[in-house]
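Q: heads up, no residue letters with this:
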């Protein structure tokens with residue numbers, strides 16, 4: 001069973017903090033649907049036995065394309081691969097990119113989860129990070145999505161924005177939670193080099209909250225979300241019971257997934273070996289290869305057992321539930337704690353491990369706050385002696 005990710009690189013306007021593979025919609029958009037359809041056909045020949053349990057359209061802003069294009073791509077995936085009857089089929093959208101009729105068309109075609117990029121409820125903050133919408137337009141999109149039939153809706157929020165206060169962030173959480181979405185993604189702004197916002201901050205035209213203030217925002221936001229009935233199941237994701245994002249859980253459980261579209265990444269099993277590959281990261285190169293009947297691969301790497309083990313730790317520790325020790329043993333033939341005993345013991349001194357359920361290796365909230373340093377310890381663990 002695999003997940004399928006479809007990357008749609010187009011948006012109305014690139015946000016000031018964004019370093020994803022995305023571009024304002026241009027003349028290539030008319031050829032993009034055909035290219036993805038060709039990639040699906042070629043992928044079917046490469047993976048004839050693949051079965052699909054989730055599909056996720058991300059971007060960019062997938063709804064920058066007509067709904068008919070997205071539906072055609074989903075139909076092609078269904079024609080190429082057996083898709084589970086209860087598959088989670090998600091699509092990201094931004095306000096102003098789609099209305100009721102488009103949302104109704106997506107819902108009728110089988111899309112059953114919508115992720116709306118809001119980021120903040122204060123219009124001045126939205127303007128400062130380069131969002132093209134205002135809060136009132138988000139409300140219209142959310143209402144249209146409900147009317148169109150979407151019951152499973154995620155809303156994205158950000159903290160650590162320029163000019164944002166803790167009161168702003170908590171007000172945004174309360175305002176969004178009052179709408180009763182099934183899921184809220186609440187993540188910190190990452191200042192990426194090469195973005196307009198990075199230039200503004202480094203040149204003194206914008207000021208971000210200091211790290212302590214951002215950490216306080218995060219802690220206060222997590223407490224409020226739990227109070228409002230959204231349980232934390234991953235570092236930055238909160239859900240009503242039963243509405244955890246099943247597609248993202250594929251990534252965090254280090255299960256196979258197939259990426260389609262420009263710059264998409266995949267992790268698949270080929271001839272018994274785990275391989276990771278990526279597509280061309282420029283739209284012209286991606287289109288050119290497919291128009292010649294070739295898969296748009298840019299890089300392919302064989303993932304050895306050691307790397308698979310570390311990736312399973314790196315991704316699994318993002319989950320509040322942590323790493324299922326039996327599942328790890330069944331896959332790799334060793335216990336995760338014994339294999340990484342030095343790293344485990346080092347972080348035990350800081351009380352970073354939650355020992356309430358010995359069947360799982362999981363971090364305490366304090367440990368999750370120091371996830372990067374914990375993972376560095378695991379990364380440095382040498383496995384040569386264990387596998388000699």
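A: The structure has been received and is ready for your questions. Please read these numbers as outputs of a predicted model, since none were measured by experiment.
Q: can you give me the helices in the stretch 101-250 of the chain?
A: When secondary structure is read from DSSP state H, counting those that start in this stretch, the stretch 101-250 of the chain shows helices at 123-128, 135-148, 166-177, 196-202, 211-227, 246-252.
Q: nearest to residue 264, of these?
A: Evaluated over these, closeness to residue 264 peaks at helix 246-252, with 12.9 Å, by Cβ to Cβ. Every C-beta, even on glycine, is put in place using the N, C-alpha and C of the backbone.
Q: buried ones in the closest one?
A: By neighbour count on 16 or more other Cβ atoms under 10 Å, the buried set for helix 246-252 is 246, 247, 248, 249, 250, 251, 252.
Q: With pLDDT and distance to residue 235 added, can I get those in a markdown table?
A: Below are these laid out as a markdown table (pLDDT from 0 to 100; distance: Cβ to Cβ, whole Å):
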| residue | pLDDT | distance to residue 235 |
| --- | --- | --- |
| 246 | 98 | 17 |
| 247 | 98 | 16 |
| 248 | 97 | 11 |
| 249 | 98 | 13 |
| 250 | 98 | 16 |
| 251 | 97 | 12 |
| 252 | 97 | 9 |
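Q: Could you work out which of the helices of the stretch 101-250 of the chain reaches nearest to residue 45?
A: The closest of the helices of the stretch 101-250 of the chain to residue 45 is helix 246-252. By Cβ to Cβ, the value is 22.8 Å.
Q: what residues does the helix or strand that the closest one is followed by touch?
A: For helix 246-252, the succeeding helix or strand toward the C-terminus, using DSSP states H and E, is strand 257-260. Applying Cβ atoms under 8 Å, 6 or more residues apart in numbering, the external contacts of strand 257-260 come out as 2-7, 36, 39-40, 43, 47, 50, 73, 250-251, 265-268, 278-279.
Q: Mind checking which of these are in helices?
A: Secondary structure assignment (DSSP state H) places 36, 39, 40, 43, 73, 250, 251 from the contacts of strand 257-260 within helices.
Q: Can you tell me the SS state at the closest residue to residue 190 other than its chain neighbours?
A: Using Cβ to Cβ, 6 or more residues apart in numbering and skipping the chain neighbours, the partner closest in space to residue 190 is residue 17 (7.7 Å). Classification of residue 17 into helix, strand or coil gives coil, according to DSSP: H, G, I helix; E, B strand; the rest coil.
Q: surely residue 17 meets residue 126?
A: No. Look at residue 17 against residue 126 with Cβ atoms under 8 Å: they stay out of range, at 11.8 Å.
Q: re the thing from before, and the pLDDT for the residue nearest to residue 190?
A: The predicted local distance difference test score for residue 17 is 94.
Q: roughly how far apart are it and residue 263?
A: In this structure, residue 17 and residue 263 are 18 Å apart, going by Cβ to Cβ, to the nearest Å.
Q: tell me which residues in stretch 360-369 are buried?
A: 360, 361, 362, 363, 364, 367, 368, 369.
Q: got it, and stretch 42-58?
A: In stretch 42-58, residues buried by neighbour count (16+ other Cβ under 10 Å) are 42, 43, 47, 50, 52, 53, 54, 55, 56, 57, 58.
Q: I'd like the buried residues of helix 246-252 written out as a markdown table, with distance to residue 158 added.
A: Putting the buried residues of helix 246-252 into a markdown table (distance: Cβ to Cβ, whole Å) gives the following:
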| residue | distance to residue 158 |
| --- | --- |
| 246 | 23 |
| 247 | 21 |
| 248 | 17 |
| 249 | 22 |
| 250 | 24 |
| 251 | 20 |
| 252 | 20 |
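Q: And those residues, which is closest to residue 300?
A: residue 251 (19.0 Å).
Q: if I read this right, that closest one contacts residue 315, doesn't it?
A: Yes. Under the criterion of Cβ under 8 Å, residue 251 is in contact with residue 315, at a separation of 6.3 Å.
Q: got the buried residues for stretch 120-131?
A: Within stretch 120-131, the residues that qualify as buried are 120, 121, 122, 125, 126, 128, 129, 131, counting by 16+ other Cβ under 10 Å.
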